[in-house]
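**Q** I'll drop the sequence and a predicted model, then ask my questions.
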Amino acid sequence: MPGYGDSPPVETVATAQGRVAFLDNVLQKLGMRRPVLISPSMSGRFALPFLLARGDQLAGFVPVAPVSTKGYTAEQYRRVQTPTLILYGDHDASLGPQALQSLQHLPRHSVAVLPDAGHACYLDKPEDFHRALLGFLHQLK
């Protein structure tokens, strides 16, 4: 993601609208139609504004303890009709429960809490993570 890791900061993603446009451009260039967007941690800064602005372009959404959930209102979340699997590890005492508090307002959500897993639950418990993810994907068919 621009501005993270070793990538240089990019002014075009300084705003939520810029991040929506960036993610939209990536999906278009990849030729993806109605993908399932998986959003761990910091990618929430890109995925959440995209979900709220263009969630109808997604087949599903899987936030994994994403950041920035408090930046939106319960009413904004209630407008989203994208099927969502809220996922986090039970040892993530900060971002997981915080994200759940906001994201539980999404009308078409389910929750999977992975036991004995931390913030990066997909690394701590990859089999459990993939089992939950595959179960969600099968429900979308």
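**A** Nice, I can see it. Numbers count the residues shown, from 1 in each chain.
**Q** quick one, helices of this structure?
**A** Taking DSSP state H to define them, one finds helices in the chain at 16-29, 44-54, 74-78, 95-103, 121-124, 126-140.
**Q** return the most buried member of those helices.
**A** Mean neighbour count (mean count of other CB atoms under 10 Å) peaks for helix 44-54 among the helices of the chain, with a mean of 22. (C-beta placed from N, C-alpha, C; glycine too.)
**Q** what's next to it, contact-wise?
**A** 1, 13, 16-17, 19-20, 22-24, 37, 39, 58, 61, 63, 66-69, 71-72, 76-77, 79-80, 82, 99 (CB atoms under 8 Å, 6 or more residues apart in numbering).
**Q** returning to that earlier point: pipe the helices of the chain into CSV and attach distance to residue 115 and mean pLDDT per row.
**A** Shown next, in CSV, are those (distance: least, CB to CB, whole Å; pLDDT from 0 to 100):
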stretch, distance to residue 115, mean pLDDT
helix 16-29, 31, 94
helix 44-54, 23, 96
helix 74-78, 26, 97
helix 95-103, 12, 93
helix 121-124, 10, 96
helix 126-140, 7, 97
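**Q** mind putting those helices in a markdown table, distance to residue 5 included?
**A** Converted to a markdown table, the helices of the chain look like this (distance: least, CB to CB, whole Å):
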| stretch | distance to residue 5 |
| --- | --- |
| helix 16-29 | 15 |
| helix 44-54 | 14 |
| helix 74-78 | 29 |
| helix 95-103 | 19 |
| helix 121-124 | 16 |
| helix 126-140 | 21 |
